[in-house]
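Novice: Sharing a sequence plus its predicted fold:
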Amino acid sequence: MMDDILDLWERYLTALYARTTRVAYLYDVRRFVAFLGKPLLLANTQDIQRFVTQEGQRLAASTICRLVSALRAFYAWACVQGELLEVSPVNGIKTPRGGRRLPRVLRKDEVEMLLQHKGASRREQAILLLMLDAGLRLVEVSRLSRTDINLQDRTVLIQGKGDKQRMVPLSDRLHDALAEWLYQEPGLPNDPLFPGYKGASLKPRAIGYVVNRIGRDVKLDRNLSPHLLRHTFATRLLRQGVNLRVIQQLLGHANISTTQIYTEVVSADLVQAISQLT
């Protein structure tokens, strides 16, 4: 019975999450099953709290947060599956303090340094702006084909996690960078947008290297990464008053709770600004 339920849940996860997240969630829930000693659907809040307390003695806070997230995802799913469960036993379970670090974002002057960089090629400019102005993940940039770019409608079609598609509008500078790159690098519609070895899509690792090198070229005082650019994109939108649900859709987050962490970044900025008032 337990394996049947987990099989059903895994099918549900497959439609929403990347393989690495799916595997981690299943691993965490199966560990809880081994600890519990009774059917998953008979677990109560006290069982989960005892498990979290036990694991907290040997695991990092970030790992405990992931474990609780896995249990929360499972029981939330169970609650909407008809008669399986009425109330999630994870309600009221708190994750450890410090378990979730706020995303690092670029300062305004650092963004300007990147935008004013004259040494980047057209390809490098397009890669940079797809992350900075459209919030793409590293692997999403790698997957892009020429046909995913619609210069007339000013949109990019993204193949996200779990093969879910989303459409993101192009900023003026991203539109111009992509237009220049497509003009410079002619090809067929289904060709990779950024071809690498023997015409195949440029590998994520190679794209990450491009981003990191741009950061070194402009002499940033920290490593420039695709995640740093994506976090900066989301935070800039939030500061400009864009609705959190819209940002969730643009980033391709399955859950709004993932997007909400950017509100904490903005709140932390406000606290720091107020503390510096004289």
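Specialist: All right, it came through fine. Residues are numbered from 1 along each chain as shown.

Novice: Ends of stretch 153-167, what's the gap?
Specialist: End-to-end distance of stretch 153-167 (Cα to Cα, to the nearest Å): 11 Å.

Novice: go on, stretch 94-113?
Specialist: Stretch 94-113 has an end-to-end distance of 40 Å (Cα to Cα).

Novice: Over to stretch 219-229?
Specialist: One end of stretch 219-229 to the other measures 16 Å (Cα to Cα).

Novice: and it, which residues are buried?
Specialist: 220, 224-226, 228-229 (16 or more other Cβ atoms under 10 Å). (Each C-beta comes from the backbone N, C-alpha and C, glycine too.)

Novice: same check, this time on stretch 144-164
Specialist: Here stretch 144-164 shows 144-146, 148-149, 155-156, 158-162 as buried, counting by 16+ other Cβ under 10 Å.

Novice: which stretches of the chain form strands?
Specialist: 149-150, 155-159, 165-169 (DSSP state E).

Novice: Does anything pack onto the shortest one? Which helices or strands?
Specialist: Packing partners of strand 149-150 (3 or more Cβ pairs under 8 Å, 6 or more residues apart in numbering; DSSP states H and E): strand 155-159.

Novice: what's the angle from the strand it packs on to strand 165-169?
Specialist: 150 degrees (axes from the mean of the first three to the mean of the last three Cα atoms, to 10 degrees).

Novice: average pLDDT across strand 155-159?
Specialist: Mean pLDDT, computed over strand 155-159, is 95.

Novice: Next: stretch 188-205.
Specialist: pLDDT averaged over stretch 188-205 gives 90.

Novice: In that stretch, which residues are buried?
Specialist: So stretch 188-205, judged by 16+ other Cβ under 10 Å, has buried residues 192-194, 201-202, 204.

Novice: any idea which of the buried residues of stretch 219-229 is closest to Tyr25?
Specialist: Pro226 (23.5 Å; Cβ to Cβ).

Novice: For burial, what's the neighbour tally of the nearest residue to the closest one once chain neighbours are set aside?
Specialist: Closest residue to Pro226 apart from its sequence neighbours, by Cβ to Cβ, 6 or more residues apart in numbering: Leu138 at 4.2 Å. By other Cβ atoms under 10 Å, the residues close to Leu138 number 20.

Novice: dump the residue contacts of Leu138.
Specialist: By Cβ atoms under 8 Å, 6 or more residues apart in numbering, the contact list for Leu138 reads 131, 204, 207-208, 226-227.

Novice: Could you rerun that using 6 Å?
Specialist: Residues near Leu138 by Cβ atoms under 6 Å, 6 or more residues apart in numbering: 204, 207-208, 226.

Novice: any idea of the pLDDT on it?
Specialist: 91.

Novice: Repeat that for Arg97.
Specialist: Arg97 carries a pLDDT value of 57.

Novice: what do you get for the one 4 residues further on?
Specialist: Per-residue confidence at Arg101 stands at 62 (pLDDT).

Novice: hang on, the earlier thing: inside helices: which ones of the buried residues of stretch 188-205?
Specialist: Pro204 (DSSP state H).

Novice: Determine which two of the buried residues of stretch 188-205 are furthest apart.
Specialist: Greatest spacing in the buried residues of stretch 188-205, by Cβ to Cβ: Leu193 and Pro204 (13.5 Å).
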